[in-house]
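Q: all I have is the shape, not the residue letters:
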């Protein structure tokens, strides 16, 4: 097995990973940074983010507003000190990207323009048409090319963290093209592998979003926090789940049911007028809008498409010019994938899984409880999303905490070097053992197909741990997942037992991670006996219970068994929980 | 519900450990009218043959992973629909002009090297810091480079480019387009540094203006225009060399 030494390994080449690598390279050009990604970085799922990224810039906005919108949006399950750090650093990161070349949309005088998103008091979302993630990712990737200390390992699949004497000492990766194994010894690892949306069937996430980093950290005893909070985005194409950005509504798009009625007014988001106004109707938060869809479905107010029930996302009144200027990507996507021209007809939409609020537990420095392991981006739970993420906070998170993670990892690597801690002798042995495990998957000649187990997992999660949940259904999901994991352990049958570019093998490894992540979601959900944010129950626990559940869920691995779930405190500094209210009276907003 | 139809997807197969040369294998795939070719390949992978190898990720024509030759035309698998290809047989091959890694997956490293060679980042003589505040850039100034920044690096244009087929050293459409994207950006001061790539024998003069690159681009980027624009810049630069030591500056 090939072995190499470096200072920092960044796993994942999306927004958070690239930002971390650049931060480390800028802080110390001599530090060796290995950027390891299972896809070439510009293919990462950051590329598909559409609407934009938050950063206070208007004179009528404030950091306090951004803090309040985030904490209220998260139903008070945010770490408030971390949110303070976050909102204070978003804008400088947006400016940094601007200086690196990101083509943010502008006012006619050349100043940055910002748009509304749901749950926002004042316009705060920096955007590049509706290709914000695409431009952010390509700007970061292209900028990263100027740093010689960043050594890229494109299309290398990380499969295990190597932990010796209680600290991270390296990672084991597969070079996808050849199937050869590579052991990278290091002093610190930044996990930046993205979310786990592919635990579910219908979702906005790319095929690569399989929770690998969460799985790798979890396997080393790092708790996954708040995993029951899975965000459904309210406006996606039925079947494919392709995202119709929240910016559609931020620009003035409306939602109607099969009778043309703007149904959100019936679910605590009204009254209708004056329209538009912040935090009301279509500018409400994602959890409430997805829940309203579910109620409309129960009432028979949705209509059928070949891929399930839908409501209308209507942009027509915005006019062709504004639609093409502000929303070109989703217009093209609606035309191609739904056969609907948004200029001329409403787009059929339904909720689909979009984002994992929870993730690898870490503090404001992105440090996890495992020495040497840092985490940033969707795979992390740094504490800013709580029970429901505010739209446009996730791109900002990649940048703010990507940078923090890169700098923290560098500091840790320097300290490890200064303390004379050389690479542990045991790392080679750990690498060999990990290699045996991963190669063992290729020797299996009986068992289920990857797709069989994967689809079983996705269906049970969608049916039983969806927008609305009850104890019985969630328990059923737990049982099904235990069975699927047991079958996985007994062996997955691969058609392909070769080494070079064996994507079936990689899917089998991913499935191992995803099944464990699914278990953390289902088991955390069962034990949260209340309703909060994106976790809504239909049984007796259908209201928020701050007495018992103003706390984080922590899922810890128990080997082959289901995870253990414990609860831990939430950091409240200055915003005490209150009723989470949207809609109501307000003044009409001027759209920018 | 749409009725089920069937299509024969003929895929090029090549395994570097097992095959001396590529071969073709046909799969019979049921489909509905809203299925993309990519979904057809996924059906094969999940149900018929787990060894078929291809790249994909976003399924919505933005990540640039799933470029293949479909009946000889460079296309994104996710953006091409089986209804437009059936009934009968469709042939799917890896993007031409690139070495095959396995089946439909090509080796992208040559492009990544070329991308890096054009210095695709903002170059300022005095680097700026966030505390300096955002640059001003009017929508008209953005128009100068915006369409060239929309390249998703899917490499269809390289498969379309006859020059790249003849001379693999040619910098090629996407990389030259991104070079132009930064040169045309009012915030950038790196034009002179990129001139060597433009003027070099594998720079813009390698292009013979067939323009097939612009035709196959799934994002409406116009590489041929970017390259042609730089032939003008290159000519200007050639003459300005007689009066200015580092070639033409922006504008």
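A: Arrived safely, thanks for sending. These numbers come from a predicted model, not from an experiment.

Q: okay, now the unreliable bits of chain B?
A: Where chain B drops to pLDDT under 70, the residues are B:1-3, B:244-251.

Q: tell me, what residue is most central in it?
A: For chain B, the residue whose C-alpha lies nearest the mean C-alpha position (Cα atoms, centre = their mean) is residue B:155; its distance is 2.6 Å.

Q: and it, what does it touch?
A: Each residue near residue B:155 by Cβ atoms under 8 Å, 6 or more residues apart in numbering or on different chains is listed here: B:64, B:67, B:95, B:98, B:106, B:108, B:111, B:174. Placement of C-beta: from N, CA and C, glycine included.

Q: neighbours of the second one, how many?
A: What that stands for is residue B:67. 30 (other Cβ atoms under 10 Å in any protein chain shown).

Q: re the thing from before, how far away is the residue nearest to the centre of chain B from chain A?
A: For residue B:155, the distance to chain A (Cβ to the nearest Cβ, to the nearest Å) stands at 11 Å.

Q: ok, back up a step: among the contacts of residue B:155, which ones are in strands?
A: B:67, B:106 (DSSP state E).

Q: distance to chain A added to the contacts of residue B:155, as a markdown table?
A: Listed next are the contacts of residue B:155 as a markdown table, based on distance: Cβ to the nearest Cβ, whole Å:
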| residue | distance to chain A |
| --- | --- |
| B:64 | 6 |
| B:67 | 11 |
| B:95 | 14 |
| B:98 | 13 |
| B:106 | 11 |
| B:108 | 6 |
| B:111 | 9 |
| B:174 | 11 |
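
Q: among the contacts of residue B:155, which one has the most neighbours?
A: Of all the contacts of residue B:155, residue B:67 has the most neighbours under the rule other Cβ under 10 Å, reaching 30 neighbours.

Q: identify the bridge partners of it.
A: Note on residue B:67: beta-bridge partners by DSSP bridges are residue B:76.

Q: my understanding was that it contacts residue B:158; is that so?
A: No. At 9.2 Å, residue B:67 does not count as touching residue B:158 under the criterion of Cβ atoms under 8 Å.

Q: joint contacts of the two?
A: Common neighbours of residue B:67 and residue B:158 (Cβ under 8 Å, 6+ apart) are residue B:95.

Q: residue contacts, residue A:89?
A: By Cβ under 8 Å, 6+ apart, the residues touching residue A:89 are residue A:400.

Q: quick check: it vs residue A:39, distance?
A: As judged by Cβ to Cβ, to the nearest Å, residue A:89 and residue A:39 stand 28 Å apart.

Q: run a quick neighbour tally on residue A:114.
A: Neighbours around residue A:114, by other Cβ under 10 Å: 28.

Q: wait, isn't it in contact with residue A:120?
A: No. If you go by Cβ under 8 Å, residue A:114 and residue A:120 don't touch, sitting 9.7 Å apart.

Q: and the lengthiest helix in chain B with chain A, contact?
A: If you go by DSSP state H, chain B has its longest helix at helix B:223-240. No. Contact between helix B:223-240 and chain A is absent, the nearest approach being 15.6 Å (criterion: Cβ under 8 Å from any Cβ of the partner chain).

Q: and that helix, what's buried?
A: Within helix B:223-240, the residues scored as buried using 16 or more other Cβ atoms under 10 Å in any protein chain shown are B:223, B:224, B:226, B:227, B:228, B:229, B:230, B:233, B:234, B:237, B:240.

Q: which residues in chain B form helices?
A: Remark: helices assigned in chain B by DSSP H are B:37-43, B:109-117, B:139-145, B:156-160, B:162-166, B:173-183, B:191-199, B:212-216, B:223-240.

Q: those: which one's closest to residue B:49?
A: Ranking the helices of chain B by their distance to residue B:49 (criterion: Cβ to Cβ) puts helix B:37-43 first, at 10.2 Å.

Q: now the helices of chain B as TSV including distance to residue A:366?
A: TSV is the format used below for those (distance: least, Cβ to Cβ, whole Å):
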stretch	distance to residue A:366
helix B:37-43	35
helix B:109-117	28
helix B:139-145	34
helix B:156-160	38
helix B:162-166	42
helix B:173-183	31
helix B:191-199	35
helix B:212-216	42
helix B:223-240	39
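
Q: of those, which is nearest residue A:225?
A: helix B:37-43 (32.8 Å).

Q: counting contacts, what elements does that closest one pack onto?
A: strand B:5-13, strand B:23-31, strand B:89-93 (3 or more Cβ pairs under 8 Å, 6 or more residues apart in numbering or on different chains; DSSP states H and E).

Q: neighbouring strands - and their directions - for the shortest one?
A: Taking DSSP bridges as the criterion, strand B:89-93 sits next to strand B:5-13 (parallel), strand B:67-70 (antiparallel) in its sheet.

Q: where does pLDDT dip in chain A?
A: Scanning chain A with the threshold set as pLDDT under 70 gives A:421-424.

Q: for residue A:297, give me its contacts.
A: Counting by Cβ under 8 Å, 6+ apart, residue A:297 makes contact with residue A:309.

Q: circling back to that earlier point, and the strands paired with strand B:89-93 as a markdown table, adding distance to residue B:83?
A: Listed next are the strands paired with strand B:89-93 as a markdown table, based on distance: least, Cβ to Cβ, whole Å:
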| stretch | distance to residue B:83 |
| --- | --- |
| strand B:5-13 | 8 |
| strand B:67-70 | 13 |
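
Q: out of those strands, deepest packed?
A: Mean neighbours per residue, mean count of other Cβ atoms under 10 Å in any protein chain shown, is largest over the strands paired with strand B:89-93 for strand B:67-70, with a mean of 24.

Q: touching that one from outside, list them.
A: For strand B:67-70, contacts defined as Cβ under 8 Å, 6+ apart pick out B:37, B:54, B:74-77, B:80, B:85, B:90-96, B:104, B:154-156, B:159.
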